[in-house]
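Participant: Sequence and predicted structure, then a few things I'm wondering about:
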Amino acid sequence: MERNTMKYKVKQYLMFAGVSTVLFCAVVIVPFIYGLYLTFTSWDGVSKEKPFVGLANYISTFQDTAYWQALGRTFIYSVIAVILVNVVAFFLAYLLTSGIKGQNFFRAGFFVPNLIGGIVLGYVWKFVFNRAFVALGKSLSIGALSTSWLATTNGAMACLIIVSVWQYAGYMMLIYVAGFMSVSKSLMEAAQIDGCTKTQATINVTIPLMRSSFVQCLFLTITRCFMVYDVNLSLTKGEPFNSSVMAAMHVYNQAFSYKNYGVGQAEALVLFIVCAIVGVTQVYIGKKGEVAA
């Protein structure tokens, strides 16, 4: 059989990627299409009938003040968390590629929080904020720690950001470590021979050559922060007074708690579009700058 024929190419594709394609369609494509269909119905998740309501669910979505407040809250949380995650991850990567003793041990240690499930992570940090920090604050007479941060609106948001940074920074650190290691040492030595200090060489040589690492880390952190749910559920449950309800939690409550599957799916689709626009725009700008560099 000739290798350039369509029959040969289809056979090779089915042999190596056929099972993956079927699983991808079954797990991602089919549920997405079915969810898109549900946005045009008023299904309650129980009855067999799925009455067609047209664009009513989308109209309800744009009229849902709580949803847009949750989306705005998610946007603020994502901006702060994305910046802090990448700053901390970059600093750790820089430190752990500078030749300090035990750097491989520290790399593994900082990566471990990413392996812990979000539900477990939230409950662990809930104990820390409610019990450990409060006990420490009272024993040392530190007013800021004497009461649980989770009991205040601003404090709950700060707790979510702290936990997210602690969880994601180690994973992003590994990407930045790979970026640092991909830069040839000869370029750094040439820059220093030309009169640059180590800091100047890092800023003017290393960082521009790590644009791909920045693009990847920003994309991953943006998408993860916009879709955060598990930590939000176990750490704050949206409290106090629903002030820490993120967009994903609002969508879940709308669909599974209030049994408004059509509205919930419509709001989930809007969230997906917003996340996709932000992520694709960031990647486009990053790649464009990478080519220019």
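Facilitator: Thanks, I have the structure now.
Participant: Would you work out how far apart the start and end of stretch 134-148 are?
Facilitator: Terminal residues of stretch 134-148 are spaced 6 Å apart (Cα to Cα, to the nearest Å).
Participant: Stretch 36-55 too?
Facilitator: Stretch 36-55 has its terminal residues 12 Å apart, counting by Cα to Cα.
Participant: From the rest of the structure, what touches it?
Facilitator: Contacts with stretch 36-55, where a contact means Cβ atoms under 8 Å, 6 or more residues apart in numbering, come from 56-58, 255-256, 259-262, 265-266, 269. Using the backbone N, CA and C atoms, a C-beta is placed for each residue, glycine as well.
Participant: pLDDT weak spots in the stretch 151-293 of the chain?
Facilitator: Low-confidence segments of the stretch 151-293 of the chain, defined by pLDDT under 70, span residues 289-293.
Participant: do the stretch 1-150 of the chain as well
Facilitator: Within the stretch 1-150 of the chain, the ranges that satisfy pLDDT under 70 run 1-2.
Participant: For the most centrally placed residue in the chain, which non-adjacent residue is closest in space?
Facilitator: Taking Cα atoms, centre = their mean, the centroid of the chain lies closest to residue 224, which sits 1.3 Å from it. Here the nearest residue to residue 224 in space, its sequence neighbours aside, is residue 168; by Cβ to Cβ, 6 or more residues apart in numbering that works out to 6.4 Å.
Participant: if I look at the one you found, how far off is residue 57?
Facilitator: Distance, residue 168 to residue 57, using Cβ to Cβ, to the nearest Å: 33 Å.
Participant: For the residue nearest to residue 224, what is the enclosing helix or strand?
Facilitator: Assigned by DSSP states H and E, residue 168 belongs to helix 153-182.
Participant: okay but residue 239 is in contact with residue 159, surely?
Facilitator: No - counting by Cβ atoms under 8 Å, residue 239 stays clear of residue 159, with 11.1 Å between them.
Participant: Which residue of these two possesses the greater neighbour count?
Facilitator: For the pair residue 239 and residue 159, the greater number of neighbours falls to residue 159 (25 against 14), based on other Cβ atoms under 10 Å.
Participant: so who does the more buried one touch?
Facilitator: When contacts are counted by Cβ under 8 Å, 6+ apart, residue 159 touches 125, 129, 149-150, 235-236.
Participant: Number of residues surrounding residue 208?
Facilitator: Tallying neighbours of residue 208 according to other Cβ under 10 Å, which is how burial is gauged here, yields 14.
Participant: quick one: it from residue 214, how far?
Facilitator: Taking Cβ to Cβ as the criterion, residue 208 is separated from residue 214 by 10 Å.
Participant: Kindly report the same for residue 142.
Facilitator: In this view, residue 142 and residue 214 are 37 Å apart by Cβ to Cβ.
Participant: next one: residue 181
Facilitator: Counting by Cβ to Cβ, the gap from residue 181 to residue 214 is 15 Å.
Participant: of those two, who's got more company?
Facilitator: The residue with the greater number of neighbours, taking residue 181 and residue 214 and applying other Cβ under 10 Å, is residue 214; the counts read 21 against 11.
Participant: Quick check: which element contains the more buried one?
Facilitator: Assigned by DSSP H and E, residue 214 falls in helix 211-226.
Participant: Okay then, goodbye and thanks.
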